[in-house]
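K.L.:
just the structure for this:
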Amino acid sequence: MLTSIDLFSGCGGMSRGLENAGFQCLAFNEINKSAADSFELNFPDALRFDGDIRTALSNEIIEKEIFPLVKNRNIDLVCGGPPCQGFSGIGHRRSYAMDRKEIPTNHLFYEMIRVIKKIKPNAFLFENVRGILSSKWTEDGNKGEIFRDVWNGFKEIEGYQVQPTLLHGYGFGVPQNRPRIMIMGVKNEIISQNNFNVTEFDETKKATTFQSQLKNNGGLFPIWNGNLAPDIIDVLSDLDFEGWTQEKARHRKKPKTIFQRKMREKLGENWRKHELHDHSFSNHSERVELKFKLMHENDGKIPEEMKTKKFSQKIIPKIWGDKMPSITVTSMPDDYVHYSKPRTLSVREWARLQTFPDHHRFSGKRTTGGMRRAGNPRKGIWDREVPKYTQIGNAVPPMLAEAVGNRISEILNYQSNDGS
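P.N.:
Numbering: from 1, shown residues only. This next block holds a predicted model:
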């Protein structure tokens, strides 16, 4: 069993996928209590470190509490996705415009680098949104300068071969576009002893080349071949029923597709006894419900008289047809409308789109809004509530994490199987 430490862990998307790839999470750090509670629900044996990583995982605490978890201080993987609200075009747009250098969380990747240098794992994995490739620290800055700083920070960690990549969720069975930037480092001796290929990246080129350089660039990362995303109806159709209640938290339909069976495979053999959590629907007003009905009747278009200043809602397509998946799950539950019903999606349906299995549980509020979710940077209010929809939207899709984890496992187990 390989071992991992999960930083900025959220509700556990990365660790869920890594678990399927043969990793055991030894410890995790998360600043938000609701997200940390969700992680602990699903990984109760992992040591929990709440709060700001600078104090919760100081070098002293790593010495006293992390290293005793394993023999010879040998931890296989440190992974993490530092907060990305300031790099994501959507997240930034929905909060408050300000220079990214002024957003404290945008500098937390340096803390991840500090932890990696202290723990010295066999490998590390950084994850973030695609928007980081073109982001600028200030309005007058240069596109790509943030990613150059991030890349150089990880590249300069002594003792590792390091490579970035751009992966899309649809290439690994996730029913979304879901583009994600990752940076992996593997110890020099593991690379040199086993002749693994590390794909080069030239950060001196224009930022407009970054995406083409990184997309599906192989090397330390898995390669995908085309669209492997299931159709939405194959993802959600077994959840398409009315009358779910917390008192009768059971599935009402038999899983009929490969994807549905995968999501429910750890719930037991008898599908009638499969537990189903977080499947309540929003109580829409008559006007909102009418808007959704008219959208269904008019090829997804919102009638002019019903348009608001709210960000445009879209109907999730039932099937992709000959198109690539066009959606990316966000932190807001009302971004998308159900493919056949005049409603938004339940928490469990949201989780399905992210490929969280049905036995993965979530803690905290169902949703929240306004300043409670976005904070107010202009007034120095950085605290954010992280309800269930937001936890899911911020997560790494487990199926994507599993594919990357399998590749890391292949690299690290190659070394162990060789007798090293």
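K.L.:
what's near enough to touch Ile119?
P.N.:
Ile119 sits next to 5, 62, 66-67, 73, 75, 78 when contact means C-beta atoms under 8 Å, 6 or more residues apart in numbering. Quick note: C-beta positions are derived from backbone N, CA and C, even for glycine.
K.L.:
need these in CSV (columns: secondary structure).
P.N.:
Putting the contacts of Ile119 into CSV (DSSP: H, G, I helix; E, B strand; the rest coil) gives the following:
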residue, secondary structure
Ile5, strand
Ile62, helix
Ile66, helix
Phe67, helix
Arg73, helix
Ile75, coil
Val78, strand
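K.L.:
can you say which of those are buried?
P.N.:
The neighbour-count test (16 or more other C-beta atoms under 10 Å) marks 5, 62, 66, 75, 78 as buried among the contacts of Ile119.
K.L.:
strands of the chain, residue ranges please.
P.N.:
With DSSP state E as the criterion, the chain has strands at 2-7, 23-30, 47-50, 77-80, 123-129, 160-168, 179-187, 314-315, 336-337.
K.L.:
pretty sure Ala21 is touching Met399, no?
P.N.:
No - at 10.6 Å, Ala21 does not count as touching Met399 under the criterion of C-beta atoms under 8 Å.
K.L.:
distance of Lys143 relative to Thr209?
P.N.:
11 Å (C-beta to C-beta, to the nearest Å).
K.L.:
pLDDT below threshold where in this protein?
P.N.:
84-98, 100-105, 310-311, 368-384, 414-420 (pLDDT under 70).
K.L.:
output the longest helix belonging to it.
P.N.:
Counting residues, the longest helix found in the chain (DSSP state H) is helix 398-417.
K.L.:
gap between it and the chain center?
P.N.:
18 Å (C-alpha atoms, centre = their mean, to the nearest Å).
K.L.:
export that helix as CSV, just CAs?
P.N.:
The C-alpha trace of helix 398-417 is given here as CSV (Å, rounded to 0.1, in the frame of the first residue of the first chain):
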residue,chain,number,x,y,z
PRO,A,398,-12.1,11.0,-8.3
MET,A,399,-11.9,9.2,-11.7
LEU,A,400,-9.4,11.8,-12.9
ALA,A,401,-7.4,11.5,-9.7
GLU,A,402,-7.5,7.7,-10.0
ALA,A,403,-6.0,7.8,-13.5
VAL,A,404,-3.2,10.0,-12.3
GLY,A,405,-2.8,7.9,-9.2
ASN,A,406,-2.5,4.7,-11.2
ARG,A,407,0.4,6.3,-13.2
ILE,A,408,2.2,7.4,-10.0
SER,A,409,1.6,4.0,-8.6
GLU,A,410,3.1,2.5,-11.7
ILE,A,411,6.2,4.7,-11.4
LEU,A,412,6.7,4.1,-7.7
ASN,A,413,5.9,0.4,-7.7
TYR,A,414,8.3,-0.1,-10.6
GLN,A,415,11.0,0.9,-8.2
SER,A,416,9.9,-1.3,-5.4
ASN,A,417,9.3,-4.3,-7.7
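K.L.:
helices and strands around it, which ones?
P.N.:
Where contact means 3 or more C-beta pairs under 8 Å, 6 or more residues apart in numbering; DSSP states H and E, helix 398-417 is packed against strand 2-7, helix 13-20, strand 123-129, strand 179-187, helix 188-194.
K.L.:
how many residues are close by Pro222?
P.N.:
20 (other C-beta atoms under 10 Å).
K.L.:
meant to ask about Asp322
P.N.:
So Asp322, with other C-beta under 10 Å, has 6 neighbours.
K.L.:
I'd like the distance between Ile132 and Glu297.
P.N.:
Relative to Glu297, and taking C-beta to C-beta, Ile132 is found at 40 Å.
K.L.:
same question for Gln246.
P.N.:
Counting by C-beta to C-beta - Gln246 and Glu297 are separated by 33 Å.
K.L.:
for Asn20, which non-adjacent residue is spatially closest?
P.N.:
Once flanking residues are discounted, Asn20 sits nearest to Glu402: 4.5 Å by C-beta to C-beta, 6 or more residues apart in numbering.
K.L.:
any idea how far Ile190 is from Glu156?
P.N.:
Distance from Glu156 to Ile190, by C-beta to C-beta: 19 Å.
K.L.:
hang on, I meant Lys118
P.N.:
With C-beta to C-beta as the criterion, Lys118 and Ile190 are 19 Å apart.
K.L.:
so which of those two has more stuff around it?
P.N.:
Taking neighbours as other C-beta under 10 Å, Lys118 and Ile190 compare with Ile190 leading, 20 against 17.
K.L.:
residues touching Gln313, list them.
P.N.:
295, 302, 334-337 are the contacts of Gln313 under C-beta under 8 Å, 6+ apart.
K.L.:
cutoff 10 Å now
P.N.:
288, 291-292, 295, 300, 302, 332, 334-337, 344 (C-beta atoms under 10 Å, 6 or more residues apart in numbering).
K.L.:
buried only: go through the residues you listed for me.
P.N.:
Neighbour-count burial (16+ other C-beta under 10 Å) applied to the contacts of Gln313 gives 288, 291-292, 295, 302, 332, 334-337, 344.
K.L.:
possible to save these as a markdown table with distance to Ala56?
P.N.:
Formatted as a markdown table, the buried ones among the contacts of Gln313 follow (distance: C-beta to C-beta, whole Å):
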| residue | distance to Ala56 |
| --- | --- |
| Val288 | 41 |
| Lys291 | 44 |
| Phe292 | 43 |
| Met295 | 45 |
| Ile302 | 45 |
| Met332 | 28 |
| Asp334 | 33 |
| Asp335 | 32 |
| Tyr336 | 35 |
| Val337 | 39 |
| Thr344 | 35 |
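K.L.:
and which of the residues you listed is nearest Arg114?
P.N.:
Taking C-beta to C-beta as the measure, Arg114 sits nearest to Met332 out of the buried ones among the contacts of Gln313, at 32.6 Å.
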